[in-house]
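> Coordinates for the following, if possible.
(chains A and B)
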There are 2 protein chains.
Amino acid sequence: MFRISIDAMGGDHAPHEIVAGAVWAAQDYGVALELVGKQDRIEQVLDEISLKGFYSDCGTGGRMRRIKIDISSLDIKITHANEVIEMGESPGAAIRKKKNSSIVLAVDAVATGSSDAVVAAGSTGAAMASSLFGLGRIPGIDRPAIALTLPTIKKPIVVIDAGANSNSTPEMLYQFAVMGSTFSKNVLGIDNPRVGVLNIGEEAGKGNELAQGTYKLLDEHGKGLNFVGNIEGKEIFLSVCDVVVCDGFVGNVALKVTEGTSSMLFRMLKQEFKSDFVGKIIGLLAKPFMKRIYGKINYEEFGGALLLGVKGITVISHGRSKAYAIKNAVRVAKEAVETNVNEKIAQFYGK
Amino acid sequence: MFRISIDAMGGDHAPHEIVAGAVWAAQDYGVALELVGKQDRIEQVLDEISLKGFYSDCGTGGRMRRIKIDISSLDIKITHANEVIEMGESPGAAIRKKKNSSIVLAVDAVATGSSDAVVAAGSTGAAMASSLFGLGRIPGIDRPAIALTLPTIKKPIVVIDAGANSNSTPEMLYQFAVMGSTFSKNVLGIDNPRVGVLNIGEEAGKGNELAQGTYKLLDEHGKGLNFVGNIEGKEIFLSVCDVVVCDGFVGNVALKVTEGTSSMLFRMLKQEFKSDFVGKIIGLLAKPFMKRIYGKINYEEFGGALLLGVKGITVISHGRSKAYAIKNAVRVAKEAVETNVNEKIAQFYGK
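Residues are numbered from 1 along each chain as shown, chains lettered A, B, ... in the order given. Below you'll find the model as predicted:
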């Protein structure tokens, strides 16, 4: 049985929703837990859940359902951490200063082998920094990158880097392509995943120096990778490739623009339906259909992004994550451990 | 009466839709035209429109309406150009080689003063290069940038640079802020426009070197600008600022992601409505509401983006532009001439 270490204090809804999601996953996916954070608060949440269960919208954005958990049947270890790294702190300095913070000890659990993977919904920077320093890099990889899975009309795609590195080189993006491709193949089960470079045009000479350099590297040295060339922002959701490679700055902007665009469109639709009486009725009728779309594009379904390139599995969840998202994040962590994605990345370079 | 020069050969639907949109604008907005391109083909289209009018969906994406134009009442000049720059050509080389191309001569018309502005739906690179070399830069501006107006829930925002420069410096982005702000104030009529830097977090130290450097410049030397700090991709549509400043690579990716996300959501909604019989009926009822949203976010309403920083007005339209988009592009060109946006940019630096 795999044990997943959880930063119980990280995220806007910590510790309650984080612990709730973790025990939910433990019950549904059969994993053991190592909950890291303030012991008394974690125990209090566990007692509450044990007595009354907890409520979740199960990713629908709608009605709350009560989830019951038999805590006593689960394998849960609590590791006390008396510090918490807050969202505004500088990650590097914070992990050096707060050696007893929940994120540092949660990663430590993986480093020492007491857990198999870590799930963190707090500061992304702190999760990255503690993973980098606590777990070390996979040989051949210069910088870890965040691989985020996104829904499209057809199969899910991976965007790498979704925000770990703001100043990248073509060599780094080449490594992201290797990691993203390995992840897509092994964790998402996509055969011979197509790798594209996010760019502002299709032709080889398009874009900035970084995109041009990356294209050249992948084109000339992309052995073992199914490189399909440049892809444009509007094609991300059209299944023209399975792995979208980009700098973390561009990737992060692109993902947040996706989030902003969809929330604007849903708001506009709601407003439009409210504009007259007939509209209100049609809006009510259309609601379940809109909800289903909402469910399909909801980040909570994917639970979290994987930090690839470190010697261990770190799943980074959205700061707004509630129980349902954390539950899925634990599932992602378990799948990554099962499929041994890191060893396969190392093998690529070992060849 | 202003005269607008049109590259009649540029764009996927040239020359028919381009000429149709131009004469439509001439009739509705009272401007004179200089149609630049193959004379016989332009005359043929004008004859056709004169006889039978033309059809347009008027930006609704739905039913086509017949538009009648009294060509004889319009002030139309035709300038023959026997060459066309194709989409794949390298812009710099193409404008040097094809001195008699429609885009070069259309810009020339502005440079020589025979027209007041140019509208181009062909190669963006060629329109930029010919404007830069044909019109020259405004003193104080190192590189022109593309200012694109986007709809949001409240007032429209300007994204600058939307794709002119793929490798930018903080100094360039500072100038984009000046130009975008001047445009927002004078052409869109927004009082004391708020300027934000597109970044991956709100704090001053966030993001890549470019974003950090730009933040610093605007924060310390942004006199006369209403700088409000960093904004994230998800906030673009939330009216937290009026001018979004970014590198052309990031801006172009962001805009195309917006396009891709909305088209995916509309497709998903259509699919969802088709999933059962009741859904089909609700889908039919909801159609007019979805159409209205489509109209609101449709790029055709904004007609085109302005190339700011050159001594003259160049409006760059989407390559897919049909008559309705071109009509609106001519309106944007007219408004930019009327409000004298370039002189106001020059004044900013003259102070």
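
> in which helix or strand would I find A:Tyr215?
Per DSSP states H and E, A:Tyr215 falls inside helix A:209-221.

> so what does that helix touch, helix or strand wise?
Secondary-structure packing of helix A:209-221 (3 or more Cβ pairs under 8 Å, 6 or more residues apart in numbering or on different chains; DSSP states H and E): helix A:170-186, strand A:194-199, strand A:226-232. No exception for glycine: its C-beta is placed from N, CA and C like everyone else's.

> What lies in contact with it?
By Cβ atoms under 8 Å, 6 or more residues apart in numbering or on different chains, the surrounding residues in contact with helix A:209-221 are A:168-171, A:173-174, A:177, A:195, A:197-200, A:204-207, A:225, A:227, A:229-230, A:245, A:247, B:166-167, B:249.

> Got a ChimeraX select line for the buried ones in those?
Selecting only the buried entries of the contacts of helix A:209-221 in ChimeraX, with 16 or more other Cβ atoms under 10 Å in any protein chain shown as the criterion:
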select /A:168,169,170,173,174,177,195,197,198,199,200,206,207,225,227,229,230,245,247 /B:166,249
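
> Can I get the helices and strands packed on helix A:209-221 in TSV including distance to B:Glu48 and mean pLDDT?
Below are the helices and strands packed on helix A:209-221 laid out as TSV (distance: least, Cβ to Cβ, whole Å; pLDDT from 0 to 100):
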stretch	distance to B:Glu48	mean pLDDT
helix A:170-186	50	95
strand A:194-199	39	97
strand A:226-232	34	96
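
> Go through these and name the closest to chain B.
Distance to chain B, taken as Cβ to the nearest Cβ, is lowest for strand A:226-232 among those, at 5.2 Å.

> May I have the strands that pair with that closest one, each with its orientation?
With DSSP bridges as the test, strand A:226-232 is paired with strand A:194-199 (parallel).

> Can you tell me the element A:Val118 falls in?
Going by DSSP H and E, A:Val118 is part of strand A:117-120.

> Partner strands of that strand and their direction?
With DSSP bridges as the test, strand A:117-120 is paired with strand A:3-7 (parallel), strand A:313-316 (parallel).

> For the longest helix seen in chain A, what is the distance to the chain centroid?
Determined from DSSP state H, the single longest helix within chain A is helix A:248-273. Distance of helix A:248-273 from the chain centroid (Cα atoms, centre = their mean, to the nearest Å) equals 18 Å.

> Now it: buried residues?
Across helix A:248-273, burial judged by 16+ other Cβ under 10 Å covers A:248-262, A:264-266, A:268-269, A:271-273.

> Repeat that for stretch A:32-42.
Applying 16+ other Cβ under 10 Å to stretch A:32-42 flags A:32-38, A:42 as buried.

> restrict these to contacts with chain B.
When Cβ under 8 Å from any Cβ of the partner chain is taken as the criterion, no member of those contacts chain B.

> Is it possible to get TSV of the helices and strands packed on helix A:209-221 that adds distance to B:Tyr215?
Listed next are the helices and strands packed on helix A:209-221 as TSV, based on distance: least, Cβ to Cβ, whole Å:
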stretch	distance to B:Tyr215
helix A:170-186	24
strand A:194-199	24
strand A:226-232	28
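
> Not counting its neighbours along the chain, what's nearest the residue in the stretch 251-351 of chain A that chain B sits nearest to?
Nearest residue of the stretch 251-351 of chain A to chain B: A:Lys256, at 3.1 Å (Cβ to the nearest Cβ). The shortest distance from A:Lys256 to any non-neighbouring residue, by Cβ to Cβ, 6 or more residues apart in numbering or on different chains, is to B:Gly233 (3.1 Å).
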